[in-house]
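1. Whatever this is, show me its structure:
(one chain, ligands or ions: 1)
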Amino acid sequence: MEGTRVRRLEKRDIAAAIALTDLEAWGYTTADFRRLLDLSPEGCFAAELRGRVVGVLTTTTYGPLAFLGAVIVSPDLRGKGVGQQMMEAALRHLQETGVRTVRLYAYLNAVRFYERLGFQAEYEVVRWHGGATAGAGQPGVRPVRRADLDGLVRMDATYFGSDRRALITRLAKEFANTFLVAERAGHVRGFIVGNASGTSCEIGPWVVEPTSKDAAQDLFTALVGAAGISEVAFGGPSRNGALLKFVQGHGFKEVFRSLRMRWGADEVPGNPEGIWALGGLEKG
Ligand SMILES: CC(C)(COP(=O)(O)OP(=O)(O)OC[C@H]1O[C@@H](n2cnc3c(N)ncnc32)[C@H](O)[C@@H]1OP(=O)(O)O)[C@@H](O)C(=O)NCCC(=O)NCCS
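-> Next up, the predicted model:
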């Protein structure tokens, strides 16, 4: 769209970014955008037209891998090439900073938009929502400690595909009471992070070794107790069979599906059998 300029998203743009994402009821808060900007200060973009922010897009980089998300264009300007302009600027930036693989979770009606930019389908991710009741204390589950971080980041990378140290360290500080670890004999078997707001809680990341499936239930039960909530929401891969059984057992409802897509090298795929909840649709 003529006159549109794509530039870095700055802290002063956060209110405008939220005004846009609120139109789709994505639920982003100031803290969410601050976190995204702190993690990738040069990797978040705004499209500006005549001094007005008319588009937003964020990226989060984990070594050779980046996740791209929160892609939105002002409704009055959709279909005029602004989205494509922002995507091309972001992909150029990521390539220049050494990223080899870019992934995202596409709403199904946006798949064609991403395909035209060279993205290819990987697998579906399902958003779940449901009620939860706290259980008794879970042995072996406790809040994260600083000393856990090295082992935890290594374990996470096995399933996520790349090193998320910056994100995990940030979440451990920000959500000290609702970042829980399942440990046996000094070995981290899994972890869960909850971001509670009122009576509901957004869960993720939630990562558990496939050989320790019982730890996933223990972490979930402990989180519901620690956060004092009665409702949960999270997104997890359709390729985790144990997760599908878990959500069925709890009677959780499917809210929507998105398609994980890849651009660039087919590398660092991770293992979805260890992923119970994404860190977020925009962060992977
Ligand atoms: C998806 C979106 C970011 C694309 O930005 P845009 O500036 O409209 O995109 P462009 O003009 O560069 O490309 C248009 C293409 O986007 C796709 N598109 C997806 N949703 C669309 C919408 N609501 N309106 C117009 N185009 C849309 C179409 O495939 C269209 O291609 P077509 O012209 O062949 O039909 C924008 O439409 C939007 O903000 N949609 C709502 C939020 C959303 O769903 N974001 C994606 C989350 S994964």
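2. can you tell me how far the one residue in the chain that gets nearest to the ligand sits from Val73?
-> Nearest residue of the chain to the ligand: Gly83, at 2.2 Å (Cβ to the nearest ligand atom). From N, CA and C alone the C-beta is placed, and that goes for glycine too. As judged by Cβ to Cβ, to the nearest Å, Gly83 and Val73 stand 5 Å apart.
3. how many other residues sit next to the residue of the chain closest to the ligand?
-> 22 (other Cβ atoms under 10 Å).
4. Ok, the one 4 residues further on next?
-> Applying other Cβ under 10 Å, we find 25 other residues in the vicinity of Met87.
5. thinking it is in contact with Leu117, fair?
-> Yes - applying Cβ atoms under 8 Å as the test, Met87 and Leu117 come out as touching, 5.3 Å apart.
6. Tell me the residues of the stretch 101-250 of the chain that contact the ligand?
-> With the criterion set to Cβ under 6 Å from any ligand atom, the stretch 101-250 of the chain comes near the ligand through Ala106, Tyr107, Asn109, Ala110, Arg112, Phe113.
7. which of these are buried?
-> For those, a burial check counting by 16 or more other Cβ atoms under 10 Å picks out Ala106, Ala110, Phe113.
8. Same list (the residues you listed) but as a markdown table, adding pLDDT and distance to Asn177.
-> A markdown table is the format used below for these (pLDDT from 0 to 100; distance: Cβ to Cβ, whole Å):
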| residue | pLDDT | distance to Asn177 |
| --- | --- | --- |
| Ala106 | 98 | 34 |
| Ala110 | 98 | 36 |
| Phe113 | 98 | 39 |
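9. which one of those sits closest to Ala132?
-> Ala106 (28.4 Å; Cβ to Cβ).
10. element containing the closest one, please.
-> Following DSSP states H and E, one finds Ala106 within strand 101-107.
11. The next helix or strand after that strand - contacts with which helices or strands?
-> Per DSSP H and E, the first helix or strand lying C-terminal to strand 101-107 is helix 111-116. The contact analysis (3 or more Cβ pairs under 8 Å, 6 or more residues apart in numbering; DSSP states H and E) places helix 111-116 against helix 82-96, strand 101-107, strand 253-264.
12. Just tell me which of these ends up closest to Arg8.
-> Nearest of those to Arg8, taken as Cβ to Cβ: helix 82-96 at 9.2 Å.
13. could you pull out the helices for the stretch 101-250 of the chain?
-> 111-116, 149-160, 165-174, 213-227, 241-250 (DSSP state H, counting those that start in this stretch).
14. Now do the longest one and helix 241-250, the angle between them.
-> What it means is helix 213-227. 50 degrees (axes from the mean of the first three to the mean of the last three Cα atoms, to 10 degrees).
15. Helix 213-227: which residues count as buried?
-> Buried, per 16+ other Cβ under 10 Å, within helix 213-227: 213, 215-227.
16. any idea of the mean pLDDT for it?
-> The pLDDT scores in helix 213-227 average 94.
17. between Gly83 and Val73, what contacts are shared?
-> Gly55 (Cβ atoms under 8 Å, 6 or more residues apart in numbering).
18. tell me the contacts of the closest residue to Ala196 other than its chain neighbours?
-> Distance criterion Cβ to Cβ, 6 or more residues apart in numbering; nearest residue to Ala196, sequence neighbours excluded, is Ala227 at 4.1 Å. Shown in contact with Ala227 (Cβ under 8 Å, 6+ apart): Asn177, Thr178, Gly194, Ala196, Cys201.
19. Name the member of those residues that has the highest neighbour count.
-> Gly194 (26 neighbours).
20. Report whether the expected contact of that residue with Ala226 is present.
-> Yes - using Cβ under 8 Å, Gly194 is in contact with Ala226, at 7.3 Å.
21. okay, and the common contacts of those two?
-> Thr178, Leu180.
22. part of a helix, is Arg35?
-> Yes - assessed with DSSP: H, G, I helix; E, B strand; the rest coil, Arg35 lies in a helix.
23. and it, how many neighbours?
-> Arg35: 19 neighbours (other Cβ under 10 Å).
24. Nearest residue to it in space, please, no chain neighbours.
-> Per Cβ to Cβ, 6+ apart, closest to Arg35 is Arg170, 6.6 Å.
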